[in-house]
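Colleague: Just the structure for this:
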Amino acid sequence: MLTLILTLCISTAAAANTTQKNTTSTYRAAGSSTTTTTTSISVTISQLDKSAESVKKFIDTNKRLPNYVTISNKKVSMPQFLYLLSYGVTNLNSKKTSSVSVKTVSNPTNPSQTVKSGTLTKANYVKYAGDLKKFIDTNKRLPNYLTTSQGNMRYESLIYAYSKVIIFYGDNKRLPNTLSVTPWTVKSTSEGSSTTVSSQYLKATTDAPSNSTTIKNLAASITAGKTTTYAKAQAIFNWVRDKLTYSFYYNTIKGALGAYSSRSANCCDTSHLLVALTRAAGIPARYQHGDCQFSSGWFGHVWAQVYVDGKWYNTDAIEDANTFGSIKNWNTSTVKLKGTYAELPF
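Modeller: Numbers count the residues shown, from 1 in each chain. Just a heads-up that it's a prediction; the model follows:
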């Protein structure tokens, strides 16, 4: 029996009001510190096998990770699920059934990979699972990559690969002798960049609907006449910063479209609009969440990162003094990063 104690912090879409959908966890971003509670559930190998099958099927169909996987009617985030997979593989290899406690597992800060398609031996993939578990135990987040004999693997590739291991065990009652691995990448559609990034940073979401006609038309208008990816990203940032005024409330309420129509938003909804417009222009974007030190104290905060020509740029559009890639209104050197997301979970 595997036991998890996990922080339930991921939902399929951001909350539509100031109350977090998952009542066992509350992220208060937009002017307060972060608070969380934990819930304990027990997960059997059979449940882990079924969860791995569900995740693999979702990936095969949608070409991206799900936002969470449900185990015992509880939503488990992908970072937490990868930790569970790594623990399950190492336990099964040692014929052990000891429990594992998972509290908070954050996303990687800047994931990358160089892995090539190939095959890992059982000895290798078991060792790598142990390395992965040890890193998460120490750092409370996923690594940016895991070094393997096939190259550096990022977490999406690891989730898919170790899901296959657990599924094989469920079918055969033993671990596979080898494990095939492939890169998890998609070509960025942003001009001037030959670097590949995960498809999740380009897809439309509920609160950042980059496929919306309104958002696409606005992005096209803002970037008209701009000939480089950097110039387009900078123009979008400047527009959001200059056109929106800051409004204090917690978590997601308006989403990108609501922020655009009202011209007023907190950090979450400002970031939703920035991410939606950037992705609509074919430029990858993602969210970061952390406790930030402002002049008046420490507060929970959300900002965006935009990927241009092989580099992630910090973009915080709630303050007039901030510029594309430069944040002035809080101390970036002391930030306590809580997570990096393709879709903001609150």
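
Colleague: In the protein, where is pLDDT below threshold?
Modeller: 1-40, 97-103, 185-198 (pLDDT under 70).

Colleague: The strand ranked longest in it packs against which elements?
Modeller: In the chain, taking DSSP state E as the definition, the longest strand is strand 297-308. Packing partners of strand 297-308 (3 or more C-beta pairs under 8 Å, 6 or more residues apart in numbering; DSSP states H and E): helix 229-243, helix 267-280, strand 285-294, strand 311-315. (Each C-beta comes from the backbone N, C-alpha and C, glycine too.)

Colleague: elements contacting the second one?
Modeller: I take that to be helix 267-280. helix 213-223, helix 229-243, helix 255-262, strand 285-294, strand 297-308.

Colleague: Nearest to Glu156, out of these?
Modeller: strand 285-294 (13.1 Å; C-beta to C-beta).

Colleague: Next, name the residue at the spatial heart of this structure.
Modeller: Residue closest to the average C-alpha location in the chain (C-alpha atoms, centre = their mean): Tyr341, at 2.8 Å.

Colleague: pretty sure that residue contacts His289?
Modeller: Yes - with contact defined as C-beta atoms under 8 Å, Tyr341 counts as touching His289 (7.0 Å).

Colleague: still on that earlier bit, now render the helices and strands packed on helix 267-280 as a markdown table, adding distance to Tyr125 and mean neighbour count.
Modeller: Shown next, in a markdown table, are the helices and strands packed on helix 267-280 (distance: least, C-beta to C-beta, whole Å; neighbours: other C-beta atoms under 10 Å):
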| stretch | distance to Tyr125 | mean neighbour count |
| --- | --- | --- |
| helix 213-223 | 42 | 17 |
| helix 229-243 | 37 | 20 |
| helix 255-262 | 40 | 20 |
| strand 285-294 | 28 | 22 |
| strand 297-308 | 30 | 23 |
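
Colleague: And these: which comes nearest Asp60?
Modeller: Going by C-beta to C-beta, the one of the helices and strands packed on helix 267-280 nearest Asp60 is strand 285-294, 23.3 Å.

Colleague: For the closest one, give me every contacting residue.
Modeller: 27, 29, 33-34, 201, 271, 274-275, 278-279, 298-307, 312, 314, 329-331, 334-344 (C-beta atoms under 8 Å, 6 or more residues apart in numbering).

Colleague: Identify the residues contacting Lys50.
Modeller: Gly170.

Colleague: Find the nearest non-adjacent residue to Asp316, please.
Modeller: Trp303 (4.0 Å; C-beta to C-beta, 6 or more residues apart in numbering).

Colleague: The stretch 1-150 of the chain: strands as residue ranges?
Modeller: With DSSP state E, counting those that start in this stretch as the criterion, the stretch 1-150 of the chain has strands at 2-6, 25-26, 35-36, 39-43, 68-71, 74-77, 118-121, 146-148.

Colleague: just checking, what packs against the fifth one?
Modeller: With contacts taken as 3+ C-beta pairs under 8 Å, 6+ apart, strand 68-71 sits against helix 45-62, strand 74-77, helix 78-93.

Colleague: Just the buried positions in that strand, please.
Modeller: Tyr68, Val69, Ile71 (16 or more other C-beta atoms under 10 Å).

Colleague: export those to CSV and tack on distance to Asp131?
Modeller: Shown next, in CSV, are the buried residues of strand 68-71 (distance: C-beta to C-beta, whole Å):
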residue, distance to Asp131
Tyr68, 25
Val69, 23
Ile71, 24
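
Colleague: Can you tell me which of those residues is nearest Ser149?
Modeller: Nearest to Ser149 among the buried residues of strand 68-71, with distances taken as C-beta to C-beta, is Val69, at 28.1 Å.

Colleague: and the closest one, how far is that from Gly310?
Modeller: From Val69 across to Gly310, the span is 32 Å (C-beta to C-beta, to the nearest Å).

Colleague: Then Thr229?
Modeller: 10 Å.

Colleague: Then Ala280?
Modeller: For Ala280, the distance to Gly310 - C-beta to C-beta - is 21 Å.

Colleague: So for these two, which sits in the more crowded spot?
Modeller: Ala280 (28 against 12; other C-beta atoms under 10 Å).

Colleague: Was I right to think the more buried one contacts Lys216?
Modeller: Yes - the pair Ala280 and Lys216 qualifies as a contact (C-beta under 8 Å) at a distance of 4.9 Å.

Colleague: which neighbours do these two share?
Modeller: Common neighbours of Ala280 and Lys216 (C-beta under 8 Å, 6+ apart) are Ser210.

Colleague: Phe93 touches Val126, doesn't it?
Modeller: Just so we're on the same page, residue 93 is Asn rather than Phe. Yes - here Asn93 lies in contact with Val126, judged by C-beta under 8 Å, at a distance of 4.7 Å.

Colleague: what's the overlap in contacts for those two?
Modeller: Leu175.

Colleague: picking up where we left off before, next up, the contacts around the residue nearest to Asp316.
Modeller: Counting by C-beta under 8 Å, 6+ apart, Trp303 has contacts Cys267, Ser271, Tyr287, Gln288, Asn314, Thr315, Asp316, Ile327.

Colleague: who does it bridge with?
Modeller: Applying DSSP bridges to Trp303 yields these beta-bridge partners: Gln288.

Colleague: likewise the one 4 residues further on?
Modeller: Beta bridges link Tyr307 to Trp312 when assigned by DSSP bridges.
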